[in-house]
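# Please work out how this folds:
(4 chains, ligands or ions: 2)
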Amino acid sequence: MSAATLDVARIQADFPILKRQVHGKRLVYLDSASSSQKPIQVLDAMDRVYRESYANVHRGVYTIAEETTAAYEAARGKVAKLLGAASAKEIVFTKNITEAINLVAYSWARANLRAGDAIVVTEMEHHANVVPWHILAAERGVELRWIPLTPDYQLDTTKLDDLLDGAKLLAVTAASNVLGTINDLRQLADAAHAAGARVLVDGAQAVPHFPVDVQAWDADFVGFTAHKMLGPSGIGGLWARPELLEEMPPFLGGGEMIREVTKEGFLPNEVPWKFEAGTMPIAEAIGLGAAVDYLSALGLDAVRAHEKSLTKYALDRLTDRFGDRLRIDGPRDIEVRGGTISMVLEGIHAHDVAQVVDEEGVCVRASHHCAKPLMRVLEVPATVRASLYVYNDEADVDALVEALSKAEQFFAI
Amino acid sequence: MSAATLDVARIQADFPILKRQVHGKRLVYLDSASSSQKPIQVLDAMDRVYRESYANVHRGVYTIAEETTAAYEAARGKVAKLLGAASAKEIVFTKNITEAINLVAYSWARANLRAGDAIVVTEMEHHANVVPWHILAAERGVELRWIPLTPDYQLDTTKLDDLLDGAKLLAVTAASNVLGTINDLRQLADAAHAAGARVLVDGAQAVPHFPVDVQAWDADFVGFTAHKMLGPSGIGGLWARPELLEEMPPFLGGGEMIREVTKEGFLPNEVPWKFEAGTMPIAEAIGLGAAVDYLSALGLDAVRAHEKSLTKYALDRLTDRFGDRLRIDGPRDIEVRGGTISMVLEGIHAHDVAQVVDEEGVCVRASHHCAKPLMRVLEVPATVRASLYVYNDEADVDALVEALSKAEQFFAI
Amino acid sequence: MPGLEDLYREIILDHYRAPRNRGELPVPPAHRVEGFNPLCGDEVILYLELDDGVVTDVRTAGQGCSISQASTSMMSAAVKGRSVSEARRIIDAFLALMHTHETHLEGTPDSATGNGDGSAADDVRLGDLAALQGVVKFPVRIKCATLAWYTLLQGFDEAGA
Amino acid sequence: MPGLEDLYREIILDHYRAPRNRGELPVPPAHRVEGFNPLCGDEVILYLELDDGVVTDVRTAGQGCSISQASTSMMSAAVKGRSVSEARRIIDAFLALMHTHETHLEGTPDSATGNGDGSAADDVRLGDLAALQGVVKFPVRIKCATLAWYTLLQGFDEAGA
Ligand SMILES: Cc1ncc(COP(=O)(O)O)c(C=O)c1O
Ligand SMILES: Cc1ncc(COP(=O)(O)O)c(C=O)c1O
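Ligands and ions are numbered 1, 2, ... in the order given. A predicted model of the protein is given here:
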């Protein structure tokens, strides 16, 4: 638990894209909650695969195939360690966390849920943790129940036991991609387990930003996605308790996930390969491994410390400059939130704000952030979201504040 | 239809990995049917995304997000053109062709097939085009029927009409990844349509090697996978008739594939985005676009001409050297086959052959090639497969022949 | 900020600040139709009064950014009082203007409405609407600008007009 | 070819060319168990005669590469006539030898059999079996070498031995 903080200038030097200019201005990238940028270490790891030792994995006897396979499986081990998994075999690679959650929905949930069963989700879930359950609910007659928010944008657990009564699954995000809220997963998992429900954690916004331990959470399933944690697009995955992975029927059928195929049927492969059908994102897995190395070298405690202090700085600066003209949809308490800041600038639509700040080189996202049920709770069609990461510093926050001021002036009536 | 052939030396210079040595020998890569190598143009295109203009697609108003989105969608247009599709909207990206076929199985087939229906496949299908149908068959009580092989390793269509009688789908590969056989798809599609069945074509081994026109095939679904066509791992896709894509229910649920989400349900997005849930393999799609550019610049006619003449050379050399001691499982007629050559060296297991030839720098695959039903038809557990592509030349074939000779000597009793 | 001036022409900001034809109409006799922009959650609701092939009245509701709001307002002004077939021609011309960019990307132009081709569309005088042309340089915003128009098309189709 | 000598020691080629204990046993009283290598389609079939905790006879069938065939043959010779608990110790020791590499990759060693730990396994004398150690340098072939052993374990478990 080092209290070391980050050497941001050094980190910035690892990200080639940060040298770019937009509209003649320095690029100020504040959309890492949507997708992070990638350090040269990750780019080089992937480039090296293709230039030096690329072949399909698990399939060749020859040297470069062995090398690629070893690197691919080593990446699985790195992810396992990052998440506190007991074994690399508990990690299944998928193309993103959305596929990981769908894997649970198609495999585990369809094998275990029947008409009349309930799934509990929260009002702050991303569509990735809502739509798969809607599809299942419509198909099976399963009920979706929603944990509401407190006025301070946290989960309101006062009626949790009622909501969980008779539920088979609690599907909850570790951290909100809109509000910044970090949820108390252990408390939620304990309540869910007491009610006999399994717990699926959407780790998309957690794994990149603070130390995660799937065993301390006592979760049953945890999803993650590489492109938000300095890794490439095209890869993500699922951690699950080994006994669940064993029991779960296969999802996607094809090469690699089988042990035997005849004209009459097939036998699935061992876990985790049972769930990895077809040629996987090979270079991407290796790139993810390099991203895990990079994050581990920084130290997730230091990442969290950096984001906390930068978030505090941002919230203070924004409030000082805009006062009541800027609504911030998220907790004020730095202890229960990350560096994702959703804003509504009075009288100006999020799209228009984002357009004007782009002119200043500042990248923010104007959107419902794939959380439409939450937007309805917040009573806005969209918000402007700035999200902070390891390569951001106070100068970036200052640039945001100035750019937002320009937007205010531009649309002043 | 230019008869131009390829400048292989120039092509080789585009593939950095071909400069590599293995066990002190020049790398002779003859496993492109498993996965091809990538030219510098593809690597650069992907590297450039991350270094210059990376952001999530379809989600940002800001400049670099627009740039990335434009490049991602441009890749879709390139693939559409390569396949002879009428519009880019007919192309759905997936992580590989295995996912594409599973998409058809989970979405279209589950909406359209009932107990007692039949699906016709062939004895030469890859597991990717077998296991999804086994899963469906077991779930729904659907019957799988198998088109057998002729003694010359082609599809035996004498009983085709009987097999298709009452079938809802014909799932067939355009070219075998074991035998090299190229199937007459138009004839198959006509027969299937006459019987009221839809036609799904596994294009994994076709799109990289010869001109494909989904409309001339009169197919209903065609899958492809980038890593076999000079593109990166982590991306592939599906072409389908637009009216089928419209009708098909969504498969994976999550961000981007929706138009509206409420607590009660959701409305799917337009085609093709309806099927692209979550953050897609962005850099990978752009890399695929660059691979399509590269292949188009070579000309698929020239690629085919090159592979035909090189395959003829290889078959002749192998027969001259090994005679009856080497069985070649595939058609001898160059007109109906591609450059994938499966071999059984008398008395020596494929694994052992591959191991010895690797020592000579030659990469071949020893495996059931994810076609176990076919292996049973061929009555072997595995074959040695050498597969030729644009960067291979006669020297590579010569190296293979010499290496196989060494294997023969090594295991001589 | 010069780049932005192309997008936010004065006439657009004017329609945004003072949208024409806001409100509702009783349904029936009016037809009500809704459109969504899945990207940003913008929403357009149109009330159409159609009488003997003529758009006798239009009212608009919903919420969105300046571009979608202005485009909705300009659209309502452009088609009100026109025959449905004239309105369809304007839609076609406007969408053709907006899709210069997309068409370029896709390599395969397609007429959104199936009513008239590009060259016919050129004949239509877009007037004020031409101010929205600046949107084409900002591809993500094209969906904002076209939302109302696709919704109108859908309304015509649903009303069998 | 020096690299290959490590893999294909003379004793391995000898077992490959003249496999010990090939054949079948009547079932029952013998137990029959099958194993597959999903990578290459290799197949091992074992017939086990177990009497009062002792492996009184073993016969092997199936097909595979030189490594899997030799390993099957060596395994059959190593366990025939031993008690099941002795056989389990040999299995453990052999798998520990084979998984030096995998363990390294995963960072998380796990005992395949749940019977004894690495240090205990070191005590077992592997004899001829040590010749298979060269396989460890060829990770893909480890599955070939271990197939018969995992199949034997499965046989013991199925037989409740
Ligand atoms: C004919 C055929 N179909 C399908 C596949 C599966 O491709 P992928 O692993 O990229 O999904 C392959 C390659 O392995 C193939 O050769
Ligand atoms: C909380 C959360 N869950 C899920 C996702 C989906 O991630 P992906 O698009 O990589 O599948 C995201 C990001 O978009 C997210 O923020």
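# Who are the contact partners of A:Arg110?
Going by Cβ atoms under 8 Å, 6 or more residues apart in numbering or on different chains, A:Arg110 touches A:Leu136, A:Arg140. Bear in mind the C-beta positions are built from the backbone N, C-alpha and C, glycine included.
# nope, A:Leu404 is what I meant
A:Leu404 neighbours (Cβ under 8 Å, 6+ apart): A:Leu318, A:Arg321, A:Phe322, A:Leu326, A:Met343, A:Leu345, A:Val353, A:Val357.
# Inside helices: which ones of those?
Secondary structure defined by DSSP state H assigns A:Leu318, A:Arg321, A:Phe322, A:Val353, A:Val357 of the contacts of A:Leu404 to helices.
# hang on, the fourth one packs against A:Glu346?
When you say that, I think you mean A:Val353. No - in terms of Cβ atoms under 8 Å, A:Val353 does not count as a neighbour of A:Glu346; the distance is 10.7 Å.
# picking up where we left off before, pipe the contacts of A:Leu404 into CSV and attach pLDDT, distance to chain D and neighbour count per row.
As requested, these are arranged in CSV below (pLDDT from 0 to 100; distance: Cβ to the nearest Cβ, whole Å; neighbours: other Cβ atoms under 10 Å in any protein chain shown):
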residue, pLDDT, distance to chain D, neighbour count
A:Leu318, 98, 43, 19
A:Arg321, 97, 48, 14
A:Phe322, 97, 49, 18
A:Leu326, 97, 47, 17
A:Met343, 98, 42, 21
A:Leu345, 95, 48, 20
A:Val353, 95, 46, 27
A:Val357, 96, 44, 27
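# Local confidence estimate at A:Gly237?
Looking at A:Gly237, its pLDDT reads 98.
# That one belongs to a strand?
Yes - following the definition DSSP: H, G, I helix; E, B strand; the rest coil, A:Gly237 is counted among the residues of a strand.
# returning to what we had before: just put the ones in helices among the contacts of A:Leu404 in a markdown table and tack on distance to C:Asn37.
A markdown table is the format used below for those (distance: Cβ to Cβ, whole Å):
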| residue | distance to C:Asn37 |
| --- | --- |
| A:Leu318 | 27 |
| A:Arg321 | 30 |
| A:Phe322 | 26 |
| A:Val353 | 16 |
| A:Val357 | 20 |
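# near chain B, which of these show up?
Restricting these to those touching chain B (Cβ under 8 Å from any Cβ of the partner chain) yields A:Val357.
# Would you agree C:Asp128 is in contact with C:Glu10?
No - with contact defined as Cβ under 8 Å, C:Asp128 does not count as touching C:Glu10 (11.0 Å).
# between the two, who's got more neighbours?
The residue with the greater number of neighbours, taking C:Asp128 and C:Glu10 and applying other Cβ atoms under 10 Å in any protein chain shown, is C:Asp128; the counts read 14 against 9.
# and residue 50, what element?
As the question left the chain open, I've gone with chain A. Using DSSP states H and E, A:Tyr50 maps to helix A:40-52.
# hm, I was asking about chain C
Counting by DSSP H and E, the element that carries C:Leu50 is strand C:43-51.
# Ok, A:Asn102 next?
Counting by DSSP H and E, A:Asn102 is found in helix A:97-103.
# Over that helix, what's the mean pLDDT, rounded is fine.
In the prediction, helix A:97-103 has an average pLDDT of 98.
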